[in-house]
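1. A predicted structure for the sequence below; I have some questions about it.
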Amino acid sequence: MRSILILAVLLPLSVSAASGLPADAAIDPVQHKTLEPKVVPDSGRLQWVPHDQDLTPWLTHSHLDTRSVPKPQRVTFKAPLNGDVKRGRALAMDTNKGTCITCHSIPGEAWSGTVGTSLLHHKLRQQSDAELYQQIWDVRVTLPYAFMPSFGSLGLLNDQDVRDLVAFLQSLE
């Protein structure tokens with residue numbers, strides 16, 4: 001695995017230049033997939049493995065990434081919510097879709113993230129369905145400098161996915 005880690009850090013210029021990605025992007029040049037860290041249990045180490053889907057079209061968090069992104073997208077939420085709490089939780093836990101668990105603490109999960117705000121007792125924030133829908137669809141409308149992906153405007157989640165996530169988050173008492 002050491003060779004993949006080195007490739008992720010020292011990306012050949014031909015790969016990054018051809019894709020428009022910054023030189024420090026974590027990309028497997030053979031598979032052309034985004035690399036993600038995975039904890040190696042009981043070792044204190046991380047392995048860099050190819051993500052299940054190619055995330056290279058989306059902006060990275062690298063300060064060297066100068067690719068353009070779509071402008072923030074304000075959406076109009078149409079009630080009723082009609083979200084599925086169980087499906088929303090599954091999306092929040094899925095590192096290929098909602099990915100909430102990557103950054104946020106989620107009730108009952110031991111390996112939750114610590115970068116984003118805790119989602120414990122989210123319902124107590126009294127955020128409306130429309131506000132939460134907008135935040136998940138494109139967080140940049142309300143928080144322009146947030147690191148959270150703009151899930152809807154980037155095509156990572158569709159309308160029903162966002163509705164299911166809203167239903168799940170609104171259920172967290």
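-> Thanks, I have it. Numbers count the residues shown, from 1 in each chain.
2. remind me, longest helix of the chain?
-> Using DSSP state H, we find that the single longest helix of the chain is helix 159-170.
3. who's in contact with it?
-> The list of residues contacting helix 159-170 from outside it, by C-beta atoms under 8 Å, 6 or more residues apart in numbering, reads 81-85, 87-89, 91-92, 97-98, 100, 119, 122-123, 129, 132-133, 136-137, 151-152, 157. All C-beta atoms are positioned from the backbone trio N, CA, C, and that covers glycine.
4. mind checking which of those residues are buried?
-> Among those, those scoring as buried are 81, 83-85, 87-89, 91-92, 97-98, 100, 119, 122, 129, 132-133, 136-137, 151-152, 157 (criterion: 16 or more other C-beta atoms under 10 Å).
5. now the helices for the chain?
-> 2-9, 13-19, 85-93, 100-103, 129-137, 159-170.
6. coming back round to it: what angle separates the longest helix of the chain from helix 85-93?
-> Note on geometry: by axes from the mean of the first three to the mean of the last three C-alpha atoms, to 10 degrees, helix 159-170 and helix 85-93 are set 100 degrees apart in direction.
7. buried sites along helix 159-170?
-> For helix 159-170, burial by neighbour count (16+ other C-beta under 10 Å) applies to 161-170.
8. any low-confidence regions in this protein?
-> The chain contains residues with pLDDT under 70 at 1-19, 61.
9. domain parsing for it?
-> Structural domains assigned to the chain are 2-50, 85-170, following automatic domain parsing.
10. no further queries at this time; thank you.
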